[in-house]
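Visitor: Predicted model and sequence below, questions to follow.
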Amino acid sequence: MRLINTIDSNEDDYFGTNYELGNVLRQTTQFKEIKPLKCRIQGAKVYALAWSHDDKHIASARADRVLFVRDTATWELIFPPSSHSPFHCFCHRYGVIRSVTWSPDGKYIASGGSDKSVRVWKTSTGRIFFTRCHSEGEVFLVAWSPTGSLIASVGNDKMVRLWDAATGLKVLTFRSHSTTVNTVAWSPDGKNIAFGCSDRRIQIWDVSARSRVSVYRCDSGEVLSIVWSPNGRYIASVSRGRDIQVWDTTLGSSTFTFNIHSDSVNSIAWSPDSKRIVSASNDKTVQIWDATTGNNLFVYTGHSTAVLSVAWSYSSKYIASGSSDGIILIWEVP
């Protein structure tokens, strides 16, 4: 593994640091010195990261209500550009941005945050395409369907809402009468949607039939995050605490649970080949796991504060991780 870039949003000028990181279970790898990256952004927690489907850009959702987009070839800031005030470009009204997702064609970005809104932006201009109010409280997560036609959002109103991505009209609402829905994920074919709840359950629904297909119960607690494997067979979930659980949707059962992290897990992502899972934790580490055996493969210790978000590039070459001190690290996967 090689750390290829670091972005520090706590300073006006970005700087490089010499990291000694590595696979603590197997070997130590020296990483090259990081060259300075010049930008002018105020520091803020990085709550979510998302690669564009062509891997040319990466978007970050931050605690200062501004959404940033970078060119991954040069790592230069695309939005908000220096000639624009951030209050007119990729910005929510108040609070924090909790989630960000790209449209499959890369022409739009959707975001959700504590201002109760779901916002869709044109990437060509950085201007708003439409805004919709999800609920009476903050939006936890937004997810673009693989077909590109729908956007799902969840908040603290016990509902999952589906929006028409072309018009912004609400298409469908799934109601969870007794529990908060914390997270949502689409199946790779876009036919099913899964959401994780505070009552420890993961529910899978057939979108077109509007019927529930399966229900899984996590023994370790409230479900905070779920991600569907690209091959469609598995769902990985994070419960409150340190547990990461993998479910086989063909069998309807859990395959294994692992919890080597020493503190709470905040974010997980699948590799594009569905063979590995990467996790980010309050213990300041990013770890990679074998998705078929649950074995820990690598541990990265480049962050100095809690790691809040992680994303695997679609080319499988890179992993991006963001922390509570505003730093984004870009890792090269071997």
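Guide: Received, thanks.

Visitor: Poorly predicted segments of the protein, please.
Guide: 1-43, 80-94, 176-177 (pLDDT under 70).

Visitor: 80 - rerun?
Guide: For the chain, the stretches flagged by pLDDT under 80 are 1-43, 63-67, 74-95, 134-137, 176-178, 241, 254-255, 334.

Visitor: who's Arg62 bridged to?
Guide: Arg62 has these beta-bridge partners by DSSP bridges: Val46.

Visitor: which residues of the stretch 51-200 of the chain fall in strands?
Guide: Secondary structure of the stretch 51-200 of the chain, counting by DSSP state E, counting those that start in this stretch: strands at 57-62, 67-71, 77-79, 97-102, 108-113, 117-122, 128-133, 139-144, 150-155, 159-164, 170-175, 181-186, 192-197.

Visitor: Verify the contact between Ile151 and Trp163 for me.
Guide: Yes. The pair Ile151 / Trp163 is scored as a contact, 4.6 Å apart, by CB atoms under 8 Å. C-beta: built from backbone N, CA, C; applies to glycine.

Visitor: Between those two, which contacts overlap?
Guide: Counting by CB atoms under 8 Å, 6 or more residues apart in numbering, the shared contacts of Ile151 and Trp163 are Val118.

Visitor: Just put the strands of the stretch 51-200 of the chain in a markdown table and tack on mean neighbour count.
Guide: Converted to a markdown table, the strands of the stretch 51-200 of the chain look like this (neighbours: other CB atoms under 10 Å):
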| stretch | mean neighbour count |
| --- | --- |
| strand 57-62 | 26 |
| strand 67-71 | 22 |
| strand 77-79 | 19 |
| strand 97-102 | 25 |
| strand 108-113 | 26 |
| strand 117-122 | 22 |
| strand 128-133 | 15 |
| strand 139-144 | 26 |
| strand 150-155 | 25 |
| strand 159-164 | 21 |
| strand 170-175 | 14 |
| strand 181-186 | 23 |
| strand 192-197 | 24 |
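
Visitor: For the ones you listed, give me JSON lines that also has distance to Val278.
Guide: Shown next, in JSON lines, are these (distance: least, CB to CB, whole Å):
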{"stretch": "strand 57-62", "distance to Val278": "15"}
{"stretch": "strand 67-71", "distance to Val278": "20"}
{"stretch": "strand 77-79", "distance to Val278": "25"}
{"stretch": "strand 97-102", "distance to Val278": "17"}
{"stretch": "strand 108-113", "distance to Val278": "22"}
{"stretch": "strand 117-122", "distance to Val278": "26"}
{"stretch": "strand 128-133", "distance to Val278": "31"}
{"stretch": "strand 139-144", "distance to Val278": "18"}
{"stretch": "strand 150-155", "distance to Val278": "22"}
{"stretch": "strand 159-164", "distance to Val278": "25"}
{"stretch": "strand 170-175", "distance to Val278": "28"}
{"stretch": "strand 181-186", "distance to Val278": "16"}
{"stretch": "strand 192-197", "distance to Val278": "18"}
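
Visitor: Out of those strands, which gets nearest to Trp331?
Guide: Across the strands of the stretch 51-200 of the chain, Trp331 has its closest neighbour in strand 57-62 (12.5 Å, CB to CB).

Visitor: quick check, distance from that closest one to the centre of its chain.
Guide: Centroid separation for strand 57-62 versus its chain: 10 Å, with CA atoms, centre = their mean, to the nearest Å.

Visitor: Ok, stretch 244-254 next?
Guide: For stretch 244-254, the distance to the chain centre is 21 Å (CA atoms, centre = their mean).
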